[in-house]
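Asks: sequence first, then the predicted structure, then my questions.
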Amino acid sequence: MRLHVRGRGLPEDTEVRLWVAEGRISTEPVAGADTIFDGGWILPGLVDAHCHVGLGPHGEMPLDEATAQAETERDVGALLLRDCGSPTDTRSLDDQHDLPRIIRAGKHLARPKRYAPGLARELDDESQLPAAVAAEAKRGDGWVKLVGDWIDRGVGDLAPLWSDDVLKAAIDAAHAHGARVTAHVFGEEALPGLINAGIDCIEHGTGLTDDTIALMVERGTALVPTLINVIDNFTGIADAATKYPAYAAHMRDLYARCQGRMADAREAGVPIYAGSDAGTMVAHGRIADEVEALKAIGMSPTEALGAACWDARRWLGRPGLEQGASADLLCYREDPRSGPAVLARPDLVILRGKAFRPKG
């Protein structure tokens with residue numbers, strides 16, 4: 001199949017002409033190509049940098065349901081998914097060329113009763129963490145996911161799961177196996193140990209302080225704030241925690257301060273990328289809503305879109321619209337920076353060189 005598309009590319013907002021042959025992009029004309037889009041905007045496929053394919057409310061799920069999740073992401077233009085922990089082995093989905101590409105982090109690593117039931121690999125002793133990280137590094141696609149903090153029922157509030165020296169050994173083990181490490185963190189207390197240990201990314205990060213923001217800038221630590229999850233769910237989590245009033249109050253405080261803290265992190269220079277946290281409390285197919293939420297922390301429309309597109313691809317080591325790259329791109333008649341109503345409804349999706357007209 002030989003295709004041709006023409007439109008305006010971002011972030012430069014200049015004319016782009018691309019050809020597709022044998023599933024790859026060509027910046028040079030290809031004989032016999034059919035023009036299937038002419039006018040509008042052309043982007044690399046969107047990135048959801050925190051998206052759980054194969055994770056449901058009760059943990060592991062059948063592959064047909066995981067496939068449906070991936071199809072939902074494809075239809076809204078999310079063609080590259082960083083799966084931040086899943087109990088389901090979704091590697092067989094790589095053979096389905098009509099589905100987004102997935103970068104996996106293996107299973108979450110946690111302590112017993114210190115994460116949602118059924119979601120994580122639980123370690124009886126924290127000394128097991130470096131070996132577990134090495135194992136998940138081999139199982140994943142260059143990422144490992146830690147649970148950095150969760151409610152400790154003994155203290156009735158959020159608390160770190162790991163000591164600083166164990167974190168340093170574990171993150172060093174991941175790096176030795178060529179993997180990067182990220183961690184679920186809601187509160188303040190776990191952040192210094194994780195960042196000082198050399199972690200590559202923080203998920204959520206609602207407990208950021210001036211000190212930990214400065215430390216992230218110094219270390220080059222990235223942040224995926226999952227803003228729509230915080231906005232939609234933190235108060236409900238607090239309302240349900242009637243047995244733990246300190247935890248409930250803490251979650252409400254984190255919710256109240258979230259936007260300001262994320263704006264401070266952006267202003268300081270922390271690299272921020274878009275991730276919806278789809279898979280349990282957030283429905284799949286909402287990356288456009290996350291892009292919109294990033295505008296509320298001070299990002300321009302172009303910057304917010306880049307956090308879910310060209311900038312996120314560069315961070316993850318995946319190509320955009322270069323010569324020879326896989327033909328994974330989106331075409332829009334209207335400007336995709338104008339809001340989620342447009343961004344979530346690409347007029348044409350091209351994935352691995354095959355054109356799709358999204359459902360709906």
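Replies: Thanks, I have it. Numbering: from 1, shown residues only.

Asks: flag every buried residue along the helix ranked longest in the chain.
Replies: What stands out as the longest helix in the chain, according to DSSP state H, is helix 245-268. Using 16 or more other Cβ atoms under 10 Å as the test for burial, helix 245-268 gives 247-248, 250-252, 254-255, 258-259, 261-262, 264-266. For glycine as for every other residue, the C-beta is placed from the backbone atoms N, C-alpha and C.

Asks: find me the pLDDT at the spatially most central residue of the chain, would you?
Replies: Taking Cα atoms, centre = their mean, the centroid of the chain lies closest to Ala49, which sits 1.6 Å from it. Listed pLDDT for Ala49 reads 98.

Asks: quick revisit: and the longest helix of the chain, how far from the chain's centre?
Replies: Computed by Cα atoms, centre = their mean, to the nearest Å, the chain-centroid distance of helix 245-268 equals 20 Å.

Asks: centre of the chain to the least confident helix or strand in the chain by mean pLDDT, how far?
Replies: In the chain, no helix or strand scores lower on mean pLDDT, DSSP states H and E than strand 59-60, which sits at a mean of 83. When distances are taken as Cα atoms, centre = their mean, strand 59-60 is centred 19 Å away from the chain's centroid.

Asks: what's that strand in contact with?
Replies: Gly54, Pro87, Thr88, Ala116, Pro117, Gly118, Leu119 (Cβ atoms under 8 Å, 6 or more residues apart in numbering).

Asks: next up, the contacts around the last one.
Replies: Applying Cβ under 8 Å, 6+ apart, one finds that Leu119 lies in contact with Leu55, Gly59, Gly85, Pro87, His108, Thr280.

Asks: for the fifth one, same thing?
Replies: Pro117 sits next to Gly59 when contact means Cβ under 8 Å, 6+ apart.

Asks: re the thing from before, where is pLDDT lowest across the contacts of strand 59-60?
Replies: Lowest confidence among the contacts of strand 59-60: Gly118, with 84.

Asks: about what we covered before: okay, the buried residues of helix 245-268 in a markdown table with pLDDT next?
Replies: Converted to a markdown table, these look like this (pLDDT from 0 to 100):
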| residue | pLDDT |
| --- | --- |
| Tyr247 | 98 |
| Ala248 | 98 |
| His250 | 98 |
| Met251 | 98 |
| Arg252 | 98 |
| Leu254 | 98 |
| Tyr255 | 98 |
| Cys258 | 98 |
| Gln259 | 97 |
| Arg261 | 98 |
| Met262 | 98 |
| Asp264 | 98 |
| Ala265 | 98 |
| Arg266 | 98 |
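
Asks: give me the domain ranges for the protein.
Replies: The chain breaks down by the TED database into domains covering 2-43+320-356, 46-316.

Asks: please work out which of these is packed deepest.
Replies: domain 46-316 (a mean of 20; mean count of other Cβ atoms under 10 Å).

Asks: could you check how far that domain is from the centre of its chain?
Replies: 7 Å.

Asks: how close does the residue nearest to Ala265 when sequence neighbours are not counted get to Arg219?
Replies: Once flanking residues are discounted, Ala265 sits nearest to Ile213: 5.1 Å by Cβ to Cβ, 6 or more residues apart in numbering. In this view, Ile213 and Arg219 are 11 Å apart by Cβ to Cβ, to the nearest Å.

Asks: Val5 falls within a strand, correct?
Replies: Yes - under DSSP: H, G, I helix; E, B strand; the rest coil, Val5 sits within a strand.

Asks: pull the contacting residues for it.
Replies: Val5 makes contact with 16-18, 20, 35-38, 42, 329, 331, 348, 350, according to Cβ under 8 Å, 6+ apart.

Asks: gap between stretch 6-20 and the chain center?
Replies: With Cα atoms, centre = their mean as the basis, stretch 6-20 stands 25 Å off its chain's centre.

Asks: does Thr212 really touch Asn196, like I thought?
Replies: No - the pair Thr212 and Asn196 fails to qualify as a contact (Cβ atoms under 8 Å) at a distance of 9.8 Å.

Asks: phi first, then psi, for the nearest residue to Pro271 once chain neighbours are set aside.
Replies: The shortest distance from Pro271 to any non-neighbouring residue, by Cβ to Cβ, 6+ apart, is to Ala222 (4.5 Å). Per-residue torsions, Ala222: phi -90, psi 160 (degrees, to the nearest 10).

Asks: ok, Ala222 to Gly154 distance?
Replies: Look at Ala222 and Gly154: by Cβ to Cβ, they are 32 Å apart.

Asks: neighbouring strands - and their directions - for the least confident helix or strand of the chain?
Replies: strand 55-56 (antiparallel) (DSSP bridges).

Asks: show me the helices in the stretch 1-150 of the chain, by range?
Replies: 63-75, 129-139 (DSSP state H, counting those that start in this stretch).

Asks: what is the shortest one packed up against?
Replies: Contacts defined by 3 or more Cβ pairs under 8 Å, 6 or more residues apart in numbering; DSSP states H and E place helix 129-139 against strand 108-110, strand 143-147, helix 164-176.

Asks: ok, which of the ones you listed comes nearest Ser300?
Replies: Minimum separation from Ser300 across those (Cβ to Cβ) falls at strand 143-147, 28.2 Å.
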